[in-house]
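# When you get a sec, could you give me coordinates for this:
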Amino acid sequence: MFVENFMDRSIIFELKEEHKAIIIALNEVNFGGNLEETKVLIQTMQSVVTEHLRKEDTVIYPALLGSQNEALVSLGTSFLHSMIAYSEIFVDVTRRIGESSGSIDAGLVSEYESMRNKIKDRIFVEETALFPAYESIC
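Numbers count the residues shown, from 1 in each chain. Down below sits the predicted model:
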C-alpha cells in the first residue's frame, strides 16, 4: 500500500515540474525573433503539453471521477470539461503559428498572449484546487 500511495503522489510532483517547463516555454516565445526558432519552441511545447495532458487524463481525472465523494466528482468533471476548451485553443493557436510563413500577424500574437495568460491561470488553479483534491484520495 505504501508503494502505491508513493506512486500516486509522485505524479503530482511530475505534473508540477511540467507546469514549470510549460510556463518557461510560454514565456520564451518571442514573435520579434527568428520565426523558425519560435516554431521549434512551439513544437517542443506541444510535446510537453501533450504528455502532460495524457498524464492528467489517465491518472488525475479518472481518480476524481471514480471517487465516492460527489464534490470530488463534480470538481473532476468541471476541470475535465474546461480542459477540453483550453486544449482546443492551444492546438488551434500553436498550429497556426507552426503554419505561418514570413511574420506572425498581430492578431495571432494577441491570441497567443491571451492563451498564454489563460494557461498560466489554469496552472495556478490546478495546483491550488485540482492537485490537492487528487492527493486527498491517495
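
# what's around Tyr86, how many residues?
Residues near Tyr86, counting by other C-beta atoms under 10 Å, number 16. C-beta coordinates here come from the backbone N, C-alpha and C atoms, glycine included.

# Tell me who's in contact with the residue nearest the centre of the chain.
When C-alpha atoms, centre = their mean is applied to the chain, the residue found nearest the centroid is Val49 (5.4 Å). Shown in contact with Val49 (C-beta atoms under 8 Å, 6 or more residues apart in numbering): Ile22, Phe90.

# For the helix or strand where it lies, list every residue counted as buried.
Using DSSP states H and E, Val49 sits within helix 35-55. Across helix 35-55, burial judged by 16 or more other C-beta atoms under 10 Å covers Thr38, Lys39, Leu41, Ile42, Met45, Gln46, Val49, His52.

# just to revisit the earlier point, and the residue nearest to the centre of the chain, how far is that from Leu26?
Counting by C-beta to C-beta, to the nearest Å, the gap from Val49 to Leu26 is 10 Å.

# Then Lys16?
For Lys16, the distance to Leu26 equals 16 Å [C-beta to C-beta].

# out of these two, which sits in the busier spot?
Set Lys16 next to Leu26 and count neighbours by other C-beta under 10 Å: Leu26 wins out with 19 against 13.
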